[in-house]
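J.: how would this look folded up:
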Amino acid sequence: QVQLVESGGGLVQAGGSLRLSCAASGRTFSTYAWFRQAPGKEREFVASIIWSTGRPYYGDSVKGRFTMSKDNAKNTVYLQMNSLKPEDTAVYYCAASSSLGVSTAAGYYNYWGQGTQVTVSS
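T.: Take a look at the predicted model:
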C-alpha cells in the first residue's frame, strides 16, 4: 500500500523556521512535490524535486527561503522553511508522481499525503 505521511507542521512566529518531512512507503516515486492551501485559496505549488537527480524547483513565493531535499535511505523528502511569513500559513501537502519530470500542476501528481498545518503568527 502506497502512503505519503507528512510531519513537522506547527505554530511558529514570523521569521522562524520549520522543517516538514514526507515519508513514502510502498515504493519510490520519480518526482515529489510540496503544495500548500490556505483557507479560501487554491492549492499552490511550493517546491518539487526529481528523485534521481535531487534537483529542486521552487515556486516564486518561496525562492530563497525554502529548501527541498531528500534522503534516499529513508525514502523521505523534506521542506526546510526559513524566514517564515504570516502569508505562509496553510495546510502543506506532500505529493508524488510516477512520471519523470517537473510540474507545478496538482493534477500531475498521483499520490497525496494527508496534509500538515503550518501557522505563522505575526
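
J.: Now do the strands in this structure.
T.: Along the chain, counting by DSSP state E, strands occupy 3-7, 10-13, 18-25, 31-37, 44-50, 56-58, 66-71, 76-81, 90-97, 111-112, 116-121.

J.: and among those, the most buried is which?
T.: Most buried of the strands of the chain by mean neighbour count (mean count of other C-beta atoms under 10 Å) is strand 31-37; its value is a mean of 24. All C-beta spots, glycine's among them, are computed from the backbone N, C-alpha and C.

J.: So for that one, mean pLDDT?
T.: Strand 31-37 shows a mean pLDDT of 97 in the predicted model.

J.: contacting residues around it?
T.: Contacts with strand 31-37, where a contact means C-beta atoms under 8 Å, 6 or more residues apart in numbering, come from 20, 22, 24, 43-51, 68, 70, 77, 79, 88, 90-97, 99-103, 106, 109, 115, 118.

J.: No further questions, thank you.
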